[in-house]
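Novice: show me the folded form of this:
(2 chains)
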There are 2 protein chains.
Amino acid sequence: MSAGTPEYAIGIDLGGTFIKAGVVDAAGHIIYQASRPTEGEKGRDAIVANIAAAAEAVLAGAGFAWEQVAGVGLGSPGVFDYERGGIVHHSPNLKALEGHPLPLLVQEQLRRPGVPVVLENDANAAAFAEKWVGAGRDARSLVLFTLGTGIGGGIVLDGEVWHGSTGFAGELGHQTILPEGPLCGCGNRGCLEAIASATGLVRRLREAVEMGRPTALANRVRGGEKVTSKDVYLAAVAGDATARALLEETGRYLGIAAANMINILNPEMVVFGGGMTGAGEMLLAPIRAEAQRRAIPAAYAACRIVFAQLGNDAGLIGAAGCVLKASRGSARARP
Amino acid sequence: MSAGTPEYAIGIDLGGTFIKAGVVDAAGHIIYQASRPTEGEKGRDAIVANIAAAAEAVLAGAGFAWEQVAGVGLGSPGVFDYERGGIVHHSPNLKALEGHPLPLLVQEQLRRPGVPVVLENDANAAAFAEKWVGAGRDARSLVLFTLGTGIGGGIVLDGEVWHGSTGFAGELGHQTILPEGPLCGCGNRGCLEAIASATGLVRRLREAVEMGRPTALANRVRGGEKVTSKDVYLAAVAGDATARALLEETGRYLGIAAANMINILNPEMVVFGGGMTGAGEMLLAPIRAEAQRRAIPAAYAACRIVFAQLGNDAGLIGAAGCVLKASRGSARARP
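Specialist: Below is the predicted model of the structure:
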């Protein structure tokens, strides 16, 4: 690192409800953090003002001045036009920002002029963070699946997030696993997300109950109670054979997707993150077994399949990491 | 281009039976070419000597001296260790070369010392060629499927072949399309290659005949005659409904794979090459329709799905292009 390059950056996890901000050091540690409501319902200006205020607040809270940080990294769900300064192309939580250059708007709200602000898809930011200071810190290339109500993803190649030609790359949850499978929210049939997300797992539980397979969760399902993927996991731990089989099946579908990524991209690591990884070995073992069954042996041997290490902070850390990297003169120009 | 940089390179398509060599100019045109037997059965030294002789012969035939060419590019099926000077990790046609640094061996056989020699997987070379001077010359990123007895592939991202961490990337024929589908040569079930290659198409024809579906090819299939994918195409053109349905089904499976690549990598183009593209619109139309049905709309809209333009010369041209690119100071170090 050249002398005088800032060793800190502000990372922001921009969610639909809360803005989580933190000051992150060059080792990827959050040294100070705070959160405030997004107030998305108040419109674009309020969101931008809240983001800027969150950044100023953690800077002050950490006792730093602007010259000590490389800039502000924003991580958020959505698709952004990275070639044109981070214009928000599509954002499920922040509709008011669509069509607007969010980084520029935030930059204009900050008290110090010209602070670099970058915007990154949250799963991409998490992938970058896992590569930087998480599960993949020894790897140059990794693929991250984020397992939640949906399945997101991020691809890091030679240390850089691969955005694709128009910012859509990494939609790993929307690879077709079963061509005639269940309808996905995206309109396709048989997407990985439709089958193996938390939502997909609960849907398969309902189908199992309808088919009369025995499970301790049957009465809750039939009674219309809310059942989550965690309930399936807890039932599996308690010895429920159907719950266990459903979790294993989930792992096998994820393993097919992992094998696809190994055969297509030959990455050093495939990383699984998100809430469902709480199922631990019950999920990881079938993922690995199925990937090994399906991937080209030498490409499988060159790849480690692991769980993510940074938890819910990955997006915030990764967004900060993207700014730090840009300030050190990456090949990729940033806004 | 800096003054004095050679504007020509020698490209070699190293097959199991023939070595095709050519002098290629900076526009990707083959200005002189010739071929000779590989003589793989005579062992490593004979193969290397034949490669060197082929290079010397086209150089002389074109009336060039070594200082006028950037080097020699070798394209061949197989997996190579790009990080370690192109050691042959695996080569179906050239077993005698496995474990050996082919580029170095060829370099030592050339009359002029120190001529750069690079080795590239043939599908990767073809992908590079299509991006350089073929179907994708306006694109920075493209994915190429090569459709033949098997299905190969190559991925070009930001103008560079993506090799993966150990040289295995781009095995696009080995993505799982039908998890319970037919056994593939790689050991997996339901690979794209097992279903939608020329071999897969003929296998599905046999199954259709066994199931009693009417086709003009039934007697030939039942009589144990050799039937090719071209026969299926010709029957389809002649109005055979079963042949037509099988071709369309092939296109649909290829379209699933194209949609996967679009959702995962968001490339500017997906290109299909190889002998099966002789089926023209009868194959391309269902590929596009199925990809559109399955890909994220905005990512599909940003991607053109087309046939390759360089035919059988793509590997030779691409290998030469890789050397030319390396001589102009690409970011990627080459042997």
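Novice: contact partners for residue A:294?
Specialist: A:255-256, A:259, B:176, B:188-189 (C-beta atoms under 8 Å, 6 or more residues apart in numbering or on different chains). Using the backbone N, CA and C atoms, a C-beta is placed for each residue, glycine as well.
Novice: just residue A:303 next, same as before
Specialist: Going by C-beta under 8 Å, 6+ apart, residue A:303 touches A:262, A:266-270, A:295, B:165.
Novice: picking up where we left off before, inside strands: which ones of the contacts of residue A:294?
Specialist: The strands, defined by DSSP state E, take in nothing from those.
Novice: residue B:50: which of the residues you listed is nearest?
Specialist: Checking the contacts of residue A:294 against residue B:50 with C-beta to C-beta, the nearest one is residue B:188 at 35.1 Å.
Novice: hmm, residue A:293 and that closest one touching each other?
Specialist: Yes: using C-beta atoms under 8 Å, residue B:188 is in contact with residue A:293, at 7.2 Å.
Novice: so for the two, which residue has more residues nearby?
Specialist: Set side by side, residue B:188 and residue A:293 show more neighbours around residue B:188, with 22 against 15, by other C-beta atoms under 10 Å in any protein chain shown.
Novice: quick check: phi and psi on the closest residue to that one other than its chain neighbours?
Specialist: Counting by C-beta to C-beta, 6 or more residues apart in numbering or on different chains, residue B:188 lies nearest to residue A:294, which is 4.5 Å off, once chain neighbours are set aside. Dihedral angles of residue A:294 (phi, psi; degrees, to the nearest 10) stand at phi -110, psi -30.
Novice: between residue B:188 and residue A:293, what contacts are shared?
Specialist: Common neighbours of residue B:188 and residue A:293 (C-beta under 8 Å, 6+ apart) are residue A:259.
Novice: ranges for the helices of the stretch 1-150 of chain A?
Specialist: Assigned by DSSP state H, counting those that start in this stretch, the helices in the stretch 1-150 of chain A fall at A:44-61, A:102-109, A:122-133.
Novice: for chain B, which of those is the nearest?
Specialist: Comparison of the helices of the stretch 1-150 of chain A against chain B by C-beta to the nearest C-beta identifies helix A:122-133 as nearest, at 11.7 Å.
Novice: follow-up on the earlier one: can you lay out the helices of the stretch 1-150 of chain A as JSON lines showing distance to chain B?
Specialist: Shown next, in JSON lines, are those (distance: least, C-beta to the nearest C-beta, whole Å):
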{"stretch": "helix A:44-61", "distance to chain B": "22"}
{"stretch": "helix A:102-109", "distance to chain B": "18"}
{"stretch": "helix A:122-133", "distance to chain B": "12"}
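Novice: check what pLDDT the residue of chain A positioned farthest from its centre gets.
Specialist: Most distant from the centre of chain A: residue A:212, at 35.7 Å, with distances by C-alpha atoms, centre = their mean. The model reports residue A:212 with a pLDDT of 96.
Novice: does it belong to a helix, a strand or coil?
Specialist: coil (DSSP: H, G, I helix; E, B strand; the rest coil).
Novice: that one and chain B, how far apart?
Specialist: Separation of residue A:212 from chain B (C-beta to the nearest C-beta, to the nearest Å): 23 Å.
Novice: what's the spatially most central residue of chain A in contact with, if anything?
Specialist: Among the residues of chain A, the one closest to the centroid is residue A:123, at 2.7 Å (C-alpha atoms, centre = their mean). Residue A:123 makes contact with A:77, A:144, A:146, A:152-154, A:170, A:315 under the criterion C-beta under 8 Å, 6+ apart.
Novice: what of residue A:100?
Specialist: A:44, A:87-88.
Novice: now it: phi and psi?
Specialist: Torsion angles, degrees, to the nearest 10, at residue A:100: phi -110, psi 150.
Novice: what about residue A:56, how many neighbours?
Specialist: 18.
Novice: my read: it touches residue A:112, true?
Specialist: No: here residue A:56 does not reach residue A:112: they are 9.2 Å apart, not a contact under C-beta under 8 Å.
Novice: before we move on, back to that, so how far is residue B:28 from the residue nearest to residue B:188?
Specialist: Distance, residue A:294 to residue B:28, using C-beta to C-beta, to the nearest Å: 37 Å.
Novice: just give the nearest non-adjacent residue to residue A:52, would you?
Specialist: Residue A:52's closest residue in space is residue A:109 (C-beta to C-beta, 6+ apart), at 3.5 Å.
Novice: can you read off the pLDDT for residue A:106?
Specialist: 97.
Novice: does it touch residue A:50 like I think?
Specialist: No: taking contacts as C-beta under 8 Å, residue A:106 lies outside contact range of residue A:50: 10.0 Å.
Novice: those helices in the stretch 151-300 of chain A, which residues are they?
Specialist: Using DSSP H, counting those that start in this stretch, helices in the stretch 151-300 of chain A cover A:192-196, A:198-210, A:218-222, A:229-237, A:241-265, A:281-294, A:297-301.
Novice: most tightly surrounded among those?
Specialist: Of these, the one with the most neighbours on average (mean count of other C-beta atoms under 10 Å in any protein chain shown) is helix A:192-196, at a mean of 28.
Novice: elements contacting that helix?
Specialist: In terms of contacts (3 or more C-beta pairs under 8 Å, 6 or more residues apart in numbering or on different chains; DSSP states H and E), helix A:192-196 is packed against strand A:151-157, helix A:198-210, helix A:241-265.
Novice: can you rerun that using 10 Å?
Specialist: Judged by 3 or more C-beta pairs under 10 Å, 6 or more residues apart in numbering or on different chains; DSSP states H and E, the packing partners of helix A:192-196 are strand A:142-147, strand A:151-157, helix A:198-210, helix A:241-265.
Novice: out of these, which comes closest to residue B:288?
Specialist: Per C-beta to C-beta, nearest to residue B:288 of the helices and strands packed on helix A:192-196: helix A:241-265, 20.6 Å.
Novice: separation between residue A:260 and residue B:308?
Specialist: To residue B:308, residue A:260 is 23 Å away according to C-beta to C-beta.
Novice: apologies, that question was intended for residue A:20.
Specialist: 47 Å.
Novice: for whatever residue of the stretch 51-200 of chain A ends up closest to chain B, give me its contacts.
Specialist: Closest approach between the stretch 51-200 of chain A and chain B, counting by C-beta to the nearest C-beta: residue A:164, at 2.4 Å. By C-beta atoms under 10 Å, 6 or more residues apart in numbering or on different chains, residue A:164 lies in contact with A:79, A:82, A:155, A:170-171, B:141, B:157, B:262-268, B:299, B:302-303.
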